[in-house]
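Participant: need a structure here:
(one chain, ligands or ions: 1)
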Amino acid sequence: SSITVSQLADKFGVKLIHLIRKMNQVGMPENHRRADYLLNSDEAGNLAIEFDLNPIIDEDKGFDIFPEPEGDLSECPLRPPVVTIMGHVDHGKTTLLDSLRHTSVAAGEAGGITQHIAAFSVPLSSLMKGSDVPKGATITFLDTPGHAAFTGMRARGAMVTDLIVLVVAADDGVMPQTKEVINLVHAAGDSVGLVVAINKCDKPMIDIERVKSNLGTEGILLEEDGGEIPSVRVSGLTGMGLDDLMETLSTLAEVRDLRARKQGKAEGYVLESHVDKGKGTITTVLVTRGTLKSGSIIVAGNTWAKVRQMTDSSGRSIRVATPGMPVTLTGWKDVPTAGDQMLEAPNEDRAKKCVANRLRDDERRAMAVDVQEVNARREEDRKLHDIEVEVKRQAKEDGSNVKEAVAAARRNAAAAAEVGRKELRIVIKGDVTGTVEAVVGSLKDIGNKEAGVKIVQTGVGNVCESDIDFAEATGAMVVGFNVECPRPMKSLAASGGVPVHCDSVIYRLIESVKTSVAALLPPKI
Ligand code: GDP
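Facilitator: Here you go, the predicted model:
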């Protein structure tokens, strides 16, 4: 029997990254260290021991909560497809999503309140007319910032997105992020379907042939030209072609025969969470299997909830949520993180035990990291000692001054340590945990082997005094996405010499961080 790395992490109740780190520590080959690698039972058993877990994973021991076995999918009912809209900045993703969102709200009865939540359902009947439109069928659109929904959750081994709509502006063609999306889709292989939406088709003087030939260069050949990729021409602005888009998505979904069990315990993913002053923690959760009910006990990350208020994406209060439905819910004891898997627990007691266990595991791992650091420092000391011994021996042999030789060797070692990678420290603030994750994802890898980024703190909400204090103390800059730096905070930052950059355009933040990282390096002569 075998199990994927990400499934094993789920079984252990540990984060995927922790399991992968452990695999690294125990010297498992590089190519095993990915979410979808299949481990054999020996490997899984050995890793369990590394985590102080009984290799025979016994659910009754209550150390965690596990997904129910999949069962026979072909016997399960169809579920709505989950769609993510991606593409280059300014190509019209937000506009398109807003058009679709308004459609869904207009179709609901909630009175047109468009809350900005991380996902929403659009009934097919709201955009497609005709008798063959399946009654009650919907399409779920994810509206998570950046590529978080795609890359973040995929890194955790979960692909919640079934279909990707690649938006390409007809007046701009294929741009760098268009290519990024194409690469992601290629990397995902068959697990995700692709539709190209040529957008801004309301504009005059656009050259669609040029867009298509751009796409062809990237290996995307459209159906209308004998290729495999369906495409639609749309305008997010006028709503033109949205019916076509819905129909294409629904056909693709049909071909993929997307099913999920509706019976049994609920499973899903946290898409977004934030703290509301009055209501406490509110999350948007996508149900992927089973049925979530108000009153259900659920666990996500290091916290749990007894589901209290549950609303669907058009703001209606509901009591049950089935696969493919995004719902917002309250009742959390603490704030779960976007991307956390949600699992239903049989009762409160088990939920509490599971969370306690996960917290304990996290602590153990934090301690393990400390031990690693101590070991690394010891290793360095040992190397220094060896160098000194060697220098002394050499000096004696040459008859030169031993003390001087040792001092010179120490100076050299210190200089070598100085030469290490320079780091720009940053404090990241965002409006919701989902955006914070996306910003972290976009900034963390900026730089090269000489200079890079170190994220020292992250949080939700406007830039506040403690952010500035922390940044000042650690020599960091503050980066805010979709949040503000109130005037008093600006003057506090100015007096402490803390650079602050707030923006609602992620690419400007990326540019600003890149510039600051580059500034760390000595000027090239
Ligand atoms: P995003 O960065 O991909 O989310 O792009 P936005 O949705 O913010 O759109 C960028 C700009 O293009 C805005 O000024 C929109 O009004 C405009 N835009 C978006 N869709 C269309 C469209 O279909 N037609 C036209 N003419 N303009 C559009």
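
Participant: let me see the contact set for residue 263.
Facilitator: Each residue near residue 263 by C-beta atoms under 8 Å, 6 or more residues apart in numbering is listed here: 290-291. Every residue, glycine included, has its C-beta placed from N, CA and C.

Participant: repeat the analysis, applying 7 Å as the threshold.
Facilitator: Listed by C-beta atoms under 7 Å, 6 or more residues apart in numbering, the contact set of residue 263 reads residue 290.

Participant: and it, how far from the ligand?
Facilitator: 39 Å (C-beta to the nearest ligand atom, to the nearest Å).

Participant: what about residue 444, how many neighbours?
Facilitator: A count of nearby residues for residue 444, using other C-beta atoms under 10 Å, gives 15.

Participant: phi, psi for whatever residue of the stretch 401-525 of the chain ends up closest to the ligand please.
Facilitator: Nearest residue of the stretch 401-525 of the chain to the ligand (C-beta to the nearest ligand atom) works out as residue 505 at 8.2 Å. Dihedral angles of residue 505 (phi, psi; degrees, to the nearest 10) stand at phi -110, psi 110.

Participant: quick one: secondary structure of the residue nearest to it when sequence neighbours are not counted?
Facilitator: Spatial nearest neighbour of residue 505, chain neighbours left out: residue 89 (7.3 Å); criterion: C-beta to C-beta, 6 or more residues apart in numbering. Three-state call for residue 89 (DSSP: H, G, I helix; E, B strand; the rest coil): coil.

Participant: next, the contact list for residue 22, please.
Facilitator: Residue 22 neighbours (C-beta under 7 Å, 6+ apart): 47, 50-51.

Participant: neighbour-wise, which one of these leads?
Facilitator: For the contacts of residue 22, counting by other C-beta under 10 Å, the largest number of neighbours falls to residue 47: 22 neighbours.

Participant: that one: which element?
Facilitator: helix 41-50 (DSSP states H and E).

Participant: next, the buried residues of that helix.
Facilitator: 43-45, 47-48 (16 or more other C-beta atoms under 10 Å).

Participant: in the stretch 151-300 of the chain, which spans are helices?
Facilitator: 153-155, 176-188, 208-217, 242-256 (DSSP state H, counting those that start in this stretch).

Participant: go through those helices and name the closest to the ligand.
Facilitator: helix 176-188 (9.0 Å).

Participant: could you give the average pLDDT over that closest one?
Facilitator: For helix 176-188, mean pLDDT rounds to 83.

Participant: relative orientation of that helix and helix 208-217 in degrees?
Facilitator: With axes from the mean of the first three to the mean of the last three C-alpha atoms, to 10 degrees applied, the angle from helix 176-188 to helix 208-217 works out at 40 degrees.

Participant: check the offset of helix 176-188 from the chain's centre.
Facilitator: Helix 176-188 sits 16 Å away from the centroid of its parent chain (C-alpha atoms, centre = their mean, to the nearest Å).

Participant: just stretch 196-204 next, same as before
Facilitator: 29 Å.

Participant: which parts of it are buried?
Facilitator: Neighbour counts over stretch 196-204 (16+ other C-beta under 10 Å) mark 196-202 as buried.

Participant: and which of those residues is nearest residue 465?
Facilitator: Taking C-beta to C-beta as the measure, residue 465 lies nearest residue 199 of the buried residues of stretch 196-204, at 42.7 Å.

Participant: tell me the contacts of the nearest residue to the closest one once chain neighbours are set aside?
Facilitator: Counting by C-beta to C-beta, 6+ apart, residue 199 lies nearest to residue 92, which is 4.3 Å off, once chain neighbours are set aside. Each residue near residue 92 by C-beta under 7 Å, 6+ apart is listed here: 167, 169, 199-200, 236.

Participant: so of those, which ones are in strands?
Facilitator: 167, 169, 199 (DSSP state E).

Participant: now, which of the residues you listed sits nearest the ligand?
Facilitator: Nearest to the ligand among the ones in strands among the contacts of residue 92, with distances taken as C-beta to the nearest ligand atom, is residue 199, at 5.0 Å.

Participant: hmm, residue 167 and that closest one touching each other?
Facilitator: Yes: if you go by C-beta atoms under 7 Å, residue 199 and residue 167 touch, sitting 5.0 Å apart.

Participant: what's the overlap in contacts for the two?
Facilitator: By C-beta under 7 Å, 6+ apart, residue 199 and residue 167 have these common neighbours: 91-92, 96.

Participant: hang on, residue 4 packs against residue 43?
Facilitator: No: assessed by C-beta under 7 Å, residue 4 is found out of contact with residue 43, at 11.4 Å.

Participant: circling back: closest one to residue 481 out of the buried residues of stretch 196-204, please.
Facilitator: residue 199 (24.1 Å).

Participant: and the closest one, how far from residue 219?
Facilitator: Counting by C-beta to C-beta, to the nearest Å, the gap from residue 199 to residue 219 is 20 Å.

Participant: do the same with residue 196
Facilitator: For residue 196, the distance to residue 219 - C-beta to C-beta - is 12 Å.

Participant: same check, this time on residue 437
Facilitator: 30 Å.

Participant: residue 310 now?
Facilitator: 43 Å.

Participant: looking at the two, which has the bigger crowd around it?
Facilitator: Per other C-beta under 10 Å, whichever of residue 310 and residue 219 has more neighbours is residue 310, with 23 against 12.

Participant: who does that one form a beta bridge with?
Facilitator: Note on residue 310: beta-bridge partners residue 329, judged by DSSP bridges.

Participant: that one touches residue 296, doesn't it?
Facilitator: No: counting by C-beta under 7 Å, residue 310 stays clear of residue 296, with 9.1 Å between them.

Participant: which ones are touching the nearest residue to residue 484 once chain neighbours are set aside?
Facilitator: The shortest distance from residue 484 to any residue other than its chain neighbours is 5.0 Å, reached at residue 462 (C-beta to C-beta, 6+ apart). For residue 462, the contact set (C-beta under 7 Å, 6+ apart) comprises 483-486.

Participant: could you rerun that using 8 Å?
Facilitator: Residue 462 neighbours (C-beta under 8 Å, 6+ apart): 429, 480, 483-486, 489.
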